[in-house]
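J.: return a 3D structure for these sequence lines:
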Amino acid sequence: MSLQRFDKKLLKLEVKLPNGPPNRSILRFPAFVTAFSDNYTSNWKSEQAYGFQDQTGIFQGTSRKLTVSFQIIPNSMYEAAVYQRDLNLLIENLYPVFGINWTPKSSPLFGIKLSNLIQEANSFLFGWLDGFELRPEFADGIFDGGPHLLFPKHWSATFSLNVIHRKRPGYRQSGKTTAFSIDGQGQFPVKLPPWTWQVVNQADGTRRDPPQDLAPMPPPAPVKKTSKKIGRDKKKAAREAKNKPNKNTHKTGDTATQSLTGEQMYAALSPEEKANLDAEIHEEMMQSLKQHNPTLYYKMRPPAKTSAPTAADEKAMKAAEAYAEKVVYTAEAALGITTE
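T.: Numbers count the residues shown, from 1 in each chain. Here you go, the predicted structure:
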């Protein structure tokens, strides 16, 4: 695999160096983890009082120590050289920073992150390393980079991190409630998604793990909004398709009937029904015009002024009438009506 594919696809063990160069302060290794332990030790001071059989314990603190073993398997000599460079940087940072006259100035503290397993507040978990064991597995071969340049094809590495939390772990009391100090209750040391708390009550009052369908689902696709006019047009088309008679001849017994066209259906209406249909079409046209062209809609309404219309009013009325004729013509064409 290439380094680009590794960076995007594989799980990464990330190491933040205490004194790394600006462009290499965070090292990333493929997380082929072979061993992982997260140890917590509660430290108590016990005292035996005279006359009491049980000891008295005085709590002193809880320490935490991580041990991780992982493999590094490069796919080419170039990748092997890059990993060797990063391993060199990691080992160099095991040494402290010295000041004038080689006086120790600061101790090396590392940050480690492995997805949600090793982290603190979605960032690095800091502490000091007991050491770093690096074993080239020469039995798996080496890359020959030229004279005096050898790169192992396989490394085995192990380290132990003594954890120093940035926030003090423990429960903090506020009034009658208590909450854990790091990431909220139930989120330490492994970060979990919110759906893990969606447990389901059983009939007998017990609880079980949430089913798979409570896992986070992808957000629903956005609903495409359509205008009211488009919705009305679709409904109208559906009604017309439903009521549209078949042009074929239907035979019932000995009687043959020919289906009526839209024009014939309109001609068969009474004058009152025709007026109602025209008024309904006009009302739909006006509502559509009001939604899509409010300016023209208000210009089409009869003027409230009692004085004679101005030239601008007449021009607007003509434009409105032309638009109305166009809409009525479209409606008539949809109904199959032919105007002589």
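
J.: which stretches in the stretch 51-200 of the chain count as helices?
T.: With helices called from DSSP state H, counting those that start in this stretch, the stretch 51-200 of the chain shows them at 77-92.

J.: so where is it shaky, pLDDT-wise?
T.: Low-confidence segments of the stretch 51-200 of the chain, defined by pLDDT under 70: 185, 195-200.

J.: make it 90
T.: Applying pLDDT under 90 to the stretch 51-200 of the chain picks out residues 51-59, 75, 98-107, 115-116, 120-123, 131, 144-149, 166-200.

J.: between the two ends of stretch 135-144, how far is it?
T.: End-to-end distance of stretch 135-144: 18 Å, with C-alpha to C-alpha, to the nearest Å as the criterion.

J.: what comes up buried for that stretch?
T.: 136, 142, 143 (16 or more other C-beta atoms under 10 Å). All C-beta spots, glycine's among them, are computed from the backbone N, C-alpha and C.

J.: cool, stretch 109-128 as well?
T.: In stretch 109-128, counting by 16+ other C-beta under 10 Å, buried: 109-114, 117-120, 124-127.

J.: so this structure: which segments form each domain?
T.: 3-42+61-99+106-166, 228-241+258-335 (automatic domain parsing).

J.: what mean pLDDT does the last one have?
T.: Per-residue pLDDT over domain 228-241+258-335 has a mean of 67.

J.: among the buried residues of stretch 135-144, which lie within strands?
T.: Members of these lying in strands (criterion: DSSP state E): 136, 142, 143.

J.: as a markdown table, those with distance to residue 275 would be great.
T.: Output for those, formatted as a markdown table (distance: C-beta to C-beta, whole Å):
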| residue | distance to residue 275 |
| --- | --- |
| 136 | 97 |
| 142 | 97 |
| 143 | 93 |
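
J.: how many other residues sit next to residue 172?
T.: 10 (other C-beta atoms under 10 Å).

J.: correction: the previous question concerned residue 186.
T.: The burial count for residue 186: 11, using other C-beta under 10 Å.

J.: identify the farthest-apart pair in the buried residues of stretch 109-128.
T.: Greatest spatial distance among the buried residues of stretch 109-128 (C-beta to C-beta): 109 and 117, at 20.1 Å.

J.: let me see the contact set for the nearest residue to residue 43 once chain neighbours are set aside.
T.: In space, and not counting its chain neighbours, residue 43 is closest to residue 60: 4.4 Å by C-beta to C-beta, 6 or more residues apart in numbering. Residues in contact with residue 60, defined by C-beta atoms under 8 Å, 6 or more residues apart in numbering, are 43, 44, 45.

J.: hmm, back to that, residue 27: which of the buried residues of stretch 135-144 is nearest?
T.: residue 136 (17.8 Å).

J.: show the contacting residues for residue 135.
T.: Residue 135 neighbours (C-beta under 8 Å, 6+ apart): 155, 156, 157.

J.: related to what we said a few turns ago, among the contacts of residue 60, which one has the most neighbours?
T.: Counting neighbours by other C-beta under 10 Å, residue 44 leads the contacts of residue 60 with 12 neighbours.

J.: hang on, it packs against residue 57?
T.: Yes - counting by C-beta atoms under 8 Å, residue 44 does reach residue 57; the two are 4.4 Å apart.

J.: show me where the stretch 101-250 of the chain has its strands.
T.: 104-106, 110-113, 125-136, 142-144, 150-152, 155-163, 171-174, 177-180, 200-201, 207-208, 250-252 (DSSP state E, counting those that start in this stretch).

J.: most packed of these?
T.: strand 110-113 (a mean of 21; mean count of other C-beta atoms under 10 Å).

J.: name the residues that touch that one?
T.: Against strand 110-113 from outside (C-beta under 8 Å, 6+ apart): 13-18, 66, 68, 93, 118-119, 123-129, 161.

J.: what strands flank it, and is each parallel or antiparallel?
T.: Next to strand 110-113 in the sheet, as set by DSSP bridges, lie strand 12-16 (antiparallel), strand 125-136 (antiparallel).

J.: out of those strands, the one nearest residue 314 is which?
T.: Nearest to residue 314, of these and by C-beta to C-beta, is strand 12-16 at 75.5 Å.

J.: what pairs with whichever helix or strand comes after the closest one, and is each one parallel or antiparallel?
T.: As assigned by DSSP states H and E, the chain's next helix or strand after strand 12-16 is strand 26-30. Its sheet considered, strand 26-30 pairs with strand 12-16 (antiparallel) by DSSP bridges.

J.: the strand it pairs with - what's its average pLDDT?
T.: Strand 12-16 comes out at a mean pLDDT of 91.

J.: identify the residues contacting it?
T.: 25-31, 33, 68, 70, 90, 110-114, 124, 126.

J.: neighbours of the residue lying closest to residue 155 once chain neighbours are set aside, how many?
T.: Of all residues not flanking residue 155 in the chain, residue 72 sits nearest, at 4.2 Å (C-beta to C-beta, 6+ apart). By other C-beta under 10 Å, the residues close to residue 72 number 23.

J.: now do residue 72 against residue 24, distance only.
T.: Residue 72 is 16 Å from residue 24, where distance means C-beta to C-beta, to the nearest Å.

J.: do residue 117 as well
T.: Residue 117 is 24 Å from residue 24, by C-beta to C-beta.

J.: swap in residue 139?
T.: 30 Å.
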